[in-house]
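**Q** Model the following, please.
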Amino acid sequence: MKKTIILLTLLLVAQVGLGIALNMNRQQMAPFRPTAPLLAFKPGAVDSITITGAGEAAVRLVKKNGRWILPDYYEFPADQKAVTKLLDTLAGLKEGWPVATTTGAATRFKVAKNEFERHIVLRHGKQVVADLYVGTSPGFRKVHVRVAGSNDILAVRFSTYDAGTGARDWLDRRYLALDEKKIKKIVLPQYTLVRKGDSLVLADLGKDEKMKQQAVSSLVSRIADLGIEGVLGKENKPEYHQDKPKLTCTVELPNRKRVYTFSRPEKKEWYVLKTSDSDLYFKVPGWQLTPLLDTKRELLVEKKKEDLKKEQGGGKPAAAAAGAAGGSGKSTAGPPATTR
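**A** Predicted coordinates:
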């Protein structure tokens with residue numbers, strides 16, 4: 001009897017122990033959900049960003065009067081949305097289990113002090129508020145990172161493409177963009193568009209002509225949304241051929257006027273743009289200007305339907321008269337009428 005009780009007791013203890021072990025194992029096997037931020041900074045407090053690449057390439061972004069600029073690139077305005085996106089993404093990174101912690105691993109994953117894909121430093125004034133090394137990618141839109149001062153190497157959701165090291169990666173490509181609703185007049189070599197109510201229309205539209213509204217709207221949008229590819233500087237170089245422009249365009253706004261002068265360097269697929277309201281010369285991709293060069297006046301108008309019908313049916317009365325004459329036995333002298 002005692003042996004039975006002892007046996008049952010041991011069995012009960014074993015079951016309890018097994019249950020505890022299974023529960024602990026289940027907790028260990030549960031997915032880890034990081035909640036603590038990897039970088040403790042507030043995006044709104046950052047006023048300087050430095051991004052260094054694997055080589056010597058580096059870019060600096062500085063907040064001036066509440067706007068991000070590229071201080072080493074003619075102090076040109078940066079793409080505000082792109083900078084904000086970068087800061088928000090970095091602030092949203094979470095801590096996780098380290099994939100490695102050794103010095104050798106830091107070099108292997110390219111997150112070492114002297115071996116990295118990106119080195120991102122955020123500052124508030126002179127104070128460094130975040131310092132991150134970005135390295136190799138273990139998968140789609142994931143990278144290995146290491147916070148400066150820590151040995152932990154983590155895998156987080158980020159992409160080096162979101163942290164370009166060139167000024168052109170960050171410049172505001174819509175710097176010259178205009179509000180279409182504020183455009184009063186557009187003057188091009190072959191025609192002029194003027195504001196009439198909510199739309200821009202051809203100024204010299206003939207009585208028998210009808211404007212192709214969609215074609216005109218597309219043209220206006222191309223001018224208003226003209227983007228740039230880069231800044232060439234402030235010097236008018238001979239190879240720009242600005243004295244022999246391919247196209248000039250004048251846009252009148254409520255309180256100012258902007259003149260666009262497009263020229264093309266030899267054997268280049270892009271154009272040089274100089275505007276009257278800036279001392280900079282811009283690089284514009286050819287695909288943006290080609291539609292403006294190809295849009296002639298005849299592509300913006302068409303004959304009115306009633307006038308087109310008259311032209312198409314212009315010979316019918318004469319033919320009918322000839323038929324009537326033939327039926328009555330009368331002949332008509334002279335050669336047949338020719339249509340010009």
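
**Q** Reduced to three states, what does the most centrally placed residue in the chain come out as?
**A** In the chain, the centroid-proximal residue (Cα atoms, centre = their mean) is residue 173; its distance is 7.3 Å. The assignment at residue 173 comes out as coil when based on DSSP: H, G, I helix; E, B strand; the rest coil.

**Q** For it, give its distance to residue 288.
**A** Plainly put, residue 173 is 11 Å away from residue 288 if you go by Cβ to Cβ, to the nearest Å. Bear in mind the C-beta positions are built from the backbone N, C-alpha and C, glycine included.

**Q** Find residues that contact each of those two.
**A** residue 227 (Cβ atoms under 8 Å, 6 or more residues apart in numbering).

**Q** Now stretch 186-203: buried residues?
**A** Applying a neighbour-count criterion of 16 or more other Cβ atoms under 10 Å, the buried positions in stretch 186-203 are 186, 187, 188, 191, 193, 194, 200, 202.

**Q** Please report the distance of the closest residue to residue 192 other than its chain neighbours from residue 191.
**A** On the basis of Cβ to Cβ, 6 or more residues apart in numbering, the spatially nearest residue to residue 192 that is not a chain neighbour turns out to be residue 203, at 4.3 Å. Taking Cβ to Cβ as the criterion, residue 203 is separated from residue 191 by 7 Å.

**Q** so what's residue 63 bridging to?
**A** Going by DSSP bridges, residue 63 is paired in beta bridges with residue 68.

**Q** State the number of residues packed around it.
**A** 17 (other Cβ atoms under 10 Å).

**Q** can you pull the contacts of it?
**A** Here residue 63 is in contact with 46, 47, 48, 69 (Cβ under 8 Å, 6+ apart).

**Q** pLDDT, secondary structure and distance to residue 274 for the residues you listed - can I get that in JSON lines?
**A** Shown next, in JSON lines, are these (pLDDT from 0 to 100; DSSP: H, G, I helix; E, B strand; the rest coil; distance: Cβ to Cβ, whole Å):
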{"residue": "46", "pLDDT": "98", "secondary structure": "coil", "distance to residue 274": "35"}
{"residue": "47", "pLDDT": "97", "secondary structure": "coil", "distance to residue 274": "32"}
{"residue": "48", "pLDDT": "98", "secondary structure": "strand", "distance to residue 274": "32"}
{"residue": "69", "pLDDT": "99", "secondary structure": "strand", "distance to residue 274": "21"}
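
**Q** Name the nearest of the residues you listed relative to residue 154.
**A** Residue 154 lies nearest to residue 46 out of those, by Cβ to Cβ, at 21.2 Å.

**Q** my read: that closest one touches residue 120, true?
**A** No. In this structure residue 46 lies outside contact range of residue 120 using Cβ atoms under 8 Å: 10.9 Å.

**Q** What score does residue 156 have for pLDDT?
**A** What the model reports as pLDDT for residue 156 is 96.

**Q** any idea how far it is from residue 94?
**A** Residue 156 sits at a distance of 7 Å from residue 94 (criterion: Cβ to Cβ).

**Q** where do the helices sit along the stretch 201-340 of the chain?
**A** 213-224, 286-294, 305-312, 316-327 (DSSP state H, counting those that start in this stretch).

**Q** residues in contact with stretch 175-189?
**A** The set of residues external to stretch 175-189 that reach it, using Cβ under 8 Å, 6+ apart, is 76-77, 192-195, 198, 200, 220-221, 223-228, 247-254, 258, 275, 282, 292.

**Q** Kindly recompute the last result at 7 Å.
**A** Residues from elsewhere that reach stretch 175-189 (Cβ atoms under 7 Å, 6 or more residues apart in numbering): 77, 192-195, 200, 220-221, 223-226, 228, 248-254, 275.

**Q** Now restrict the residues you listed to buried residues only.
**A** Members of these classed as buried by 16+ other Cβ under 10 Å are 77, 193-194, 200, 220, 223-224, 226, 228, 249, 251-252, 275.

**Q** Tell me the one of the residues you listed nearest residue 242?
**A** For the buried ones among the contacts of stretch 175-189, with residue 242 as the reference and Cβ to Cβ as the criterion, the closest is residue 275, at 11.7 Å.

**Q** my guess is that closest one meets residue 258, correct?
**A** Yes. Counting by Cβ atoms under 7 Å, residue 275 sits close enough to residue 258 to count as a contact (5.6 Å).
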